[in-house]
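In: Build me a structure from this.
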Amino acid sequence: MLAVYPGSFDPITNGHIDIIRRASSLFERLIVAVLKNPAKQPLFSVQEREWMIRESVEDLDNVEVDSFNGLTVDYAKSRKAGLLVRGLRAISDFEFEFQLAAMNHKLHPDVETVFMMTNTKYSFLSSSSVKEAASFGGCVAGLVPAIVDQQLKRKFSEQGRANK
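Out: Sure, this is the predicted structure:
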């Protein structure tokens, strides 16, 4: 079965990678789908995010990286995927994810949502916290793939030079 793991992934973290690796072992094929959200100002472009994800999961033959805009459930239908994979870090994530799953089910009842708990060692981790720490020169090694760590340093170094 084909599953879709959607998200902004700005940037992808080791918590996301944990979900991708585990989901790829459960499903025949997995699409990691990067949301193009015009309402947000991402640090990385969609192309940069796709590239970093591909680099981070290049050893997983059944994982594809793509991007989309619009409703996630519409994207899943367009790709003929029957499952959406959503990661949960803590109970605080559940209410939002539950509402989202219910709305998606209303829109397309044949697309199911599967929730996966992240590994407890990543339960505190978010893309926002990684960006904030990296923006102040904090060490995020071990929280993100090495390629992401490199790109965060490059991006904030460039921004620092631009602000001088």
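
In: On the strand side of things, show who residue 87 bridges to.
Out: Using DSSP bridges, the bridge partners assigned to residue 87 are residue 116.

In: Report the contact partners of it.
Out: The contact partners of residue 87, taken as Cβ atoms under 8 Å, 6 or more residues apart in numbering, are 5, 15-16, 19, 93, 115-118. Glycine gets a C-beta too; all of them are placed from N, C-alpha and C.

In: try it again with 10 Å
Out: 5, 7, 15-16, 18-20, 22-23, 93, 97, 115-118, 122 (Cβ atoms under 10 Å, 6 or more residues apart in numbering).

In: swap in residue 120?
Out: The neighbours of residue 120, taking Cβ under 10 Å, 6+ apart as the test, are 89-90.

In: one step back: and the contacts of residue 87, which of them are in helices?
Out: Assigned to helices by DSSP state H, the following of the contacts of residue 87 qualify: 15-16, 18-20, 22-23, 93, 97.

In: and of the residues you listed, the nearest to residue 147?
Out: residue 16 (13.2 Å; Cβ to Cβ).

In: How many residues are close by that closest one?
Out: Residue 16 has 26 neighbours, counted by other Cβ atoms under 10 Å.

In: I'd like to know how many residues surround the closest residue to it other than its chain neighbours.
Out: Among residues not flanking residue 16 along the chain, residue 9 sits closest, at 6.2 Å (Cβ to Cβ, 6 or more residues apart in numbering). For residue 9, the count of nearby residues is 26 (other Cβ under 10 Å).

In: Would you quantify the distance from residue 9 to residue 49?
Out: Separation of residue 9 from residue 49 (Cβ to Cβ, to the nearest Å): 5 Å.

In: re the thing from before, may I see the ChimeraX selection of the buried members of the ones in helices among the contacts of residue 87?
Out: Buried subset of the ones in helices among the contacts of residue 87, written as a ChimeraX selection, criterion 16 or more other Cβ atoms under 10 Å:
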select :15,16,18,19,20,22,23,93
